[in-house]
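A.B. asks: Next one to model:
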Amino acid sequence: MNKHGITPCGHRLLILPDNVETTTKSGIITSTGTQVLRDELAQIDGIVIEAGPDCNGWCKVGDRIVFGKYSGLFYTGKDNVKYRIVNDEDVVAVIVKGEK
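C.D. replies: Sure, this is the predicted structure:
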């Protein structure tokens, strides 16, 4: 069993979205709860953690991808981390290593 307790089905991907935090130059976090939720919903890149058995081959576990802005749904795993589950057809690009 995996540490997050989530196994995507069909053509879905389990994505770990990048953290969204707004900080000032001095390191103060400026986002309110509503702003954080809005930013999370608009998050468009992350790392593929797991792929369902019917996924197309254009990305694989460990790839950094760009996906549809409001695609998928959020789910908190057993490890208390918020993941995003998206359809593989919502992947629009694989980011080359070393780039963001």
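
A.B. asks: all contacts plus neighbour counts: C-alpha atoms, from now on.
C.D. replies: Noted.

A.B. asks: Tell me where the chain is predicted with low confidence.
C.D. replies: For the chain, applying pLDDT under 70 flags the ranges 1, 20-23, 29-41, 98-100.

A.B. asks: Give me the residue at the spatial middle of it.
C.D. replies: By Cα atoms, centre = their mean, the chain has its centre lying nearest to P17, at 2.9 Å.

A.B. asks: Can you tell me the closest non-neighbouring residue to that residue?
C.D. replies: Leaving aside its chain neighbours, P17 sits nearest to G46 (4.1 Å; criterion: Cα to Cα, 6 or more residues apart in numbering).

A.B. asks: wait, what's in contact with the one you found?
C.D. replies: Residues in contact with G46 (Cα atoms under 8 Å, 6 or more residues apart in numbering) are I15, L16, P17, D18, R64, I65, V66.

A.B. asks: tell me which of the residues you listed is nearest to E50?
C.D. replies: Nearest to E50, judged by Cα to Cα, of these is I15 at 7.3 Å.

A.B. asks: How much space separates that closest one from G46?
C.D. replies: Distance of I15 to G46, given as Cα to Cα, to the nearest Å: 6 Å.

A.B. asks: coming back round to it: I'd guessed the residue nearest to the centre of the chain sits against R84; true?
C.D. replies: Yes. Assessed by Cα atoms under 8 Å, P17 is found in contact with R84 at 6.8 Å.

A.B. asks: Against K82, how distant is the residue nearest to P17?
C.D. replies: Remark: distance between G46 and K82 (Cα to Cα) = 12 Å.
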